[in-house]
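Asker: Show me the folded form of this:
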Amino acid sequence: MARTFVLADLITLGNAFCGMGAVLASMSYVATYDRRAIAIALVFLLLALVCDALDGAVARLRHESSPLGADLDSLADIVSFGVAPATLGFALGLRGGWDALALSYFVACGIARLARYNVTAAELADENGKVRYYEGAPIPTSLVMVVVLGIAFMRGDVGDAMWLGSMKLGPFVVHPLVSMYVVSGSLMVSTFRVPKP
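Answerer: Next up, the predicted model:
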């Protein structure tokens with residue numbers, strides 16, 4: 001299988017590697033509360049974004065196409081821009097029962113959005129094969145939430161000090177800040193069009 005990989009595929013796998021690194025670093029923070037773990041997670045997510053931008057550019061520059069390219073990209077993106085930001089949110093304090101439901105909803109929306117893109121990309125493409133627009137927000141926009149959480153972390157506003165506090169709602173606790181995940185997920189599965197650069 002490795003013989004079928006082109007350079008862009010290896011960069012895409014780098015995206016997935018960085019996303020998984022961010023997940024593991026976030027889990028390490030939960031286990032140890034070592035602040036360096038969150039710094040590592042944030043760096044990994046930045047590197048994942050670089051890889052995500054670079055793989056397509058490299059494929060176009062080298063005029064390489066891969067039978068695995070589109071699927072690899074979607075699978076890497078769900079790790080780096082779906083599971084990793086949700087894990088980061090949990091690590092930094094979004095740990096109530098309703099929070100868990102919201103984080104799971106966000107990841108499910110990311111999966112659905114990427115699946116829709118893969119199925120509809122051919123019909124959305126112009127005569128040159130270039131997709132003109134995204135339907136729904138692209139999943140890397142989830143890094144906006146990562147920036148918000150990174151700022152909160154640097155200010156020490158995580159855990160019990162999470163912005164907007166927490167409240168008991170029925171049998172579970174919810175942190176209102178988790179609503180940004182619900183909004184992000186909902187935008188991903190929406191039908192509004194975002195021009196593709």
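Asker: rest of the way, CA atoms for contacts and neighbours
Answerer: Noted.
Asker: what pLDDT does A2 get?
Answerer: According to the prediction, A2 has pLDDT 64.
Asker: try M20
Answerer: For M20, pLDDT reads 98.
Asker: Okay, and it sits in which element?
Answerer: In this structure, M20 sits in helix 7-32 according to DSSP states H and E.
Asker: Go through that helix and flag the buried ones.
Answerer: 8-30 (16 or more other Cα atoms under 10 Å).
Asker: likewise stretch 146-158?
Answerer: If you call a residue buried by 16+ other Cα under 10 Å, then stretch 146-158 has these buried ones: V146, L149, G150, A152, F153, D157, V158.
Asker: Please report the distance of the last one from F5.
Answerer: The spacing between V158 and F5, counted by Cα to Cα, to the nearest Å, is 41 Å.
Asker: that older thread, any chance of the buried residues of stretch 146-158 in JSON lines with distance to Y105 and secondary structure as columns?
Answerer: Below are these laid out as JSON lines (distance: Cα to Cα, whole Å; DSSP: H, G, I helix; E, B strand; the rest coil):
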{"residue": "V146", "distance to Y105": "17", "secondary structure": "helix"}
{"residue": "L149", "distance to Y105": "18", "secondary structure": "helix"}
{"residue": "G150", "distance to Y105": "22", "secondary structure": "helix"}
{"residue": "A152", "distance to Y105": "22", "secondary structure": "helix"}
{"residue": "F153", "distance to Y105": "23", "secondary structure": "helix"}
{"residue": "D157", "distance to Y105": "24", "secondary structure": "coil"}
{"residue": "V158", "distance to Y105": "22", "secondary structure": "coil"}
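Asker: surely G93 meets G159?
Answerer: Yes: counting by Cα atoms under 8 Å, G93 touches G159, with 4.1 Å between them.
Asker: the more surrounded of the two?
Answerer: G93 (20 against 15; other Cα atoms under 10 Å).
Asker: tell me the secondary structure for that one?
Answerer: Of the three states, G93 takes coil according to DSSP: H, G, I helix; E, B strand; the rest coil.
Asker: Could you report the pLDDT at it?
Answerer: 96.
Asker: Kindly report the same for L164.
Answerer: 95.
Asker: For the residue nearest the centre of the chain, give me its contacts.
Answerer: Residue closest to the mean C-alpha point of the chain, counted by Cα atoms, centre = their mean, is F81 at 0.9 Å. F81 makes contact with G19, L45, I139, P140, T141, S142, L143, according to Cα atoms under 8 Å, 6 or more residues apart in numbering.
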